[in-house]
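**Student:** need a structure here:
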Amino acid sequence: MGTSSDGGRPWQSYTTAYTNAKAGMDGVDKDKVQRVVYEMSKGSKYFENEQRKEAFTKQKVEHLRAQVVKLSEKDILHFEMIANKRILELEASRDLSKIWLHTDMDAFYAAVETLENPSLRGKPMAVGGLSMISTANYEARKYGVRAAMPGFIACKLCPDLIFVPINFEKYMFYSELTRKVFRRYDPNFISTSLDEAYLNITEVCINQGMSSDEVATELRNAIFEETGLTCSAGVAPNQMLAKVCSDINKPNGQFILPNDRKAVMTFISSLPIRKIGGIGKVTEHVLRDALGIKTCEDMLQECALLRALFSSCSSDFFLSVGLGLGSTTTPKQKMRKSISNERTFRTTKDESFLLQQLGDIAEALSNDMDKECLSGRTLTLKLKTASFEVRTRAVSLQKFIHSKEDILQFASRMLKAELPLSLRLIGLRMSHFSDDKIGTLDPMQKTIVGFLSSDATGLSAMHIENKDRPNIGDKVEQQEVFDFNDRQSMQGMEVGLPSIDDHSGGRHDGRSFQCESLQSVCSDDADGFNMNSSCLDESKSSISVEPNRSMDPVGATSTSSHKAGLIWVDDYICSVCGIELPPSFIEERQEHSDYHLAEMLQEEESSCSSGQVARERYRFMHKETQAGESSSRKKKQKVKHIPIEAFFSKQV
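**Tutor:** Sure thing, here's the model as predicted:
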């Protein structure tokens, strides 16, 4: 057992090892569980990755502490005045007219397995395997076993633990049964997972003359009658508080928070910040160690520091938490932006196994797209290596695809370009969906309105095929076109470099395509402490990278200059997306710049005119310019106007 500055108990600082926020784990010996997890993880790639993230978290804490020290009394008074004004504005937006119910199935996967196999009842059981656990029943949680824990560690904590393999078809069947019940109370209920949902029961309470307590009881009984499964419910004036309430009397219970401001403020005053959705273990660690914030009430007491140290929308979120404010509206249906599917497995280098997994994922993705009648043309491959580094690679196709064969065709080529590689996760994501109004038109073809509204020169933000051509006005992005049917092109591809772990933790027909954004996404996977990301301008027009950067691994994209350089705020926060990477992460920061470059090019390609038209216009204008210069030297004549036919000429 290693020693450290904490007196020979290094597991106590191993912040990612354990959390007792999960229902059914309140009485667990936290120190024992932390010690077991620490000892059994020590020396692994996972452990090394967690240590790196933990060190980065400590760096953020020290950075915030240093900023606090620099604040003068005058500064604090200034930010306190701003924060108090904002608190009054947020308070004025409080809505106590709605009644929201959050329902959460009790140990859903494990409960389904127990329902179909009664012999498991009363025994510690987990759904998953030695690699990873998806759900543990309440008997197993008494030993410290929980979801997202490796199975071999769970066996150390609970030697009698029984493992049951995952069966998603079974869970989806029971999930649909619960949703039929939800629709009786709220046809527009919000489903956040297979086992959770938000319901607006305001009208039910008014129309049927029932209290919220009675509605919650009736709904839970109806779910039990339909499925044989139990669930817990929470009722509150908004969605945030309803979710907190549903966790109070688990399992098979409910908690009602009245629609009264005094009741809400009393409830929120002593509530630990870790109970709030959106505040994970890293954010909790940073707020506690840097600012001394442990409860929601502390958010209001330290409002000046929150306003001074965090972006406006991040501080607004924290202040809203302190006031017990949350969403009270049902979001409108939005057009889906992407659809994804991924698989986690035991770390392996076996190419045949990886390709088999890729085929299964492609089939699942295709089936999901068929259910929603979707076709897309941007396919993204996600890979997680044995060292928990995440890489993403994307291609933008010239036609919309949805079939397994087409998805697998391009996904397998991206994967093979990465191999040999030891992987533990593969995922596929399809985006850039077709619009029904467009029909079967080529997505690369520009509309006449878009064409006529283009820049008069036709050169701004266009992709030029020949990299030897001159760079006009430092505004022309240069790009070559690759065809995956070209064997030579594929042989020359070396796609990307590894990046650090992905923040999200995650969910695409054309014969030739533009190798547009072979991306490397890097992020802090530390549970969501990326407080500036949601507040920064996400407009693609503002995305830029360091000048004269190039995507050399592919040779597909190079750039001469950009409107503005990517800046690392406070030397570790990306000015474009808010991701946090310290200066020591040299390769990751390099790849992050390349990622924004690829993202920018992808957006330009989808919003600008056809590259073929652009090249024709460029060739003609370049030719006319040369002719004009030669003529001016001889006859001092002006260059003639470009005939309109030139803009519609076909490429040979």
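**Student:** please count neighbours and contacts with C-alpha atoms only from this point.
**Tutor:** OK.
**Student:** and the pLDDT at residue 630?
**Tutor:** You'll see residue 630 listed with a pLDDT of 52.
**Student:** cool, residue 323 as well?
**Tutor:** pLDDT, residue 323: 96.
**Student:** cool, and residue 207?
**Tutor:** At residue 207 the predicted local confidence, pLDDT, stands at 95.
**Student:** can you report how many residues lie near it?
**Tutor:** Around residue 207 there are 8 other residues, counting by other CA atoms under 10 Å.
**Student:** same deal with residue 239?
**Tutor:** For residue 239, using other CA under 10 Å, the count is 25.
**Student:** which ones are touching it?
**Tutor:** 100, 101, 102, 198, 326, 327, 328 (CA atoms under 8 Å, 6 or more residues apart in numbering).
**Student:** how about 7 Å then?
**Tutor:** Contact partners of residue 239, counting by CA atoms under 7 Å, 6 or more residues apart in numbering, are 100, 326, 327, 328.
**Student:** same deal with residue 222?
**Tutor:** residue 181.
**Student:** ok, back up a step: what subset of the contacts of residue 239 is buried?
**Tutor:** For those, a burial check counting by 16 or more other CA atoms under 10 Å picks out 100, 326, 328.
**Student:** who does the first one form a beta bridge with?
**Tutor:** In other words, residue 100. In this entry, residue 100 is beta-bridged to residue 200, residue 236, by DSSP bridges.
**Student:** and the protein, what are its domains?
**Tutor:** 100-123+160-259, 338-465, 551-652 (automatic domain parsing).
**Student:** by mean pLDDT, show me the worst of these.
**Tutor:** Taking the mean pLDDT of those, domain 551-652 comes last: a mean of 54.
**Student:** quick check: closest non-adjacent residue to residue 342.
**Tutor:** Computed as CA to CA, 6 or more residues apart in numbering, the closest residue to residue 342 that is not its neighbour in sequence is residue 427, at 3.7 Å.
**Student:** next one: residue 428
**Tutor:** Using CA to CA, 6+ apart and skipping the chain neighbours, the partner closest in space to residue 428 is residue 381 (4.8 Å).
**Student:** ok, the one you found - contacts?
**Tutor:** 392, 393, 394, 411, 427, 428, 429 are the contacts of residue 381 under CA under 7 Å, 6+ apart.
**Student:** with respect to residue 180, which of those is nearest?
**Tutor:** Set against residue 180, the nearest of those by CA to CA is residue 429 (28.9 Å).
**Student:** got the phi/psi numbers for that closest one?
**Tutor:** Main-chain torsions, residue 429, degrees, to the nearest 10: phi -130, psi 130.
**Student:** does it touch residue 342 like I think?
**Tutor:** No. Taking contacts as CA atoms under 7 Å, residue 429 lies outside contact range of residue 342: 8.5 Å.
**Student:** which one's more surrounded, those two?
**Tutor:** Taking neighbours as other CA under 10 Å, residue 429 and residue 342 compare with residue 429 leading, 24 against 21.
**Student:** against residue 428, how distant is the spatially closest residue to that one that is not a sequence neighbour?
**Tutor:** Leaving out its chain neighbours, the residue that sits closest to residue 429 by CA to CA, 6+ apart is residue 340, at 4.1 Å. To residue 428, residue 340 is 6 Å away according to CA to CA, to the nearest Å.
**Student:** what of residue 273?
**Tutor:** Taken as CA to CA, the span from residue 273 to residue 428 is 34 Å.
**Student:** okay, strands next: where are they in the stretch 51-200 of the chain?
**Tutor:** 100-105, 125-128, 133-136, 162-164, 190-191, 196-200 (DSSP state E, counting those that start in this stretch).
**Student:** any idea which element residue 379 lies in?
**Tutor:** Under the criterion of DSSP states H and E, residue 379 resides in strand 376-385.
**Student:** what pairs with that strand, parallel or antiparallel?
**Tutor:** strand 390-401 (antiparallel), strand 423-433 (antiparallel).
**Student:** let's have these in a markdown table, adding distance to residue 125.
**Tutor:** What follows is those, written out as a markdown table (distance: least, CA to CA, whole Å):
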| stretch | distance to residue 125 |
| --- | --- |
| strand 390-401 | 31 |
| strand 423-433 | 24 |
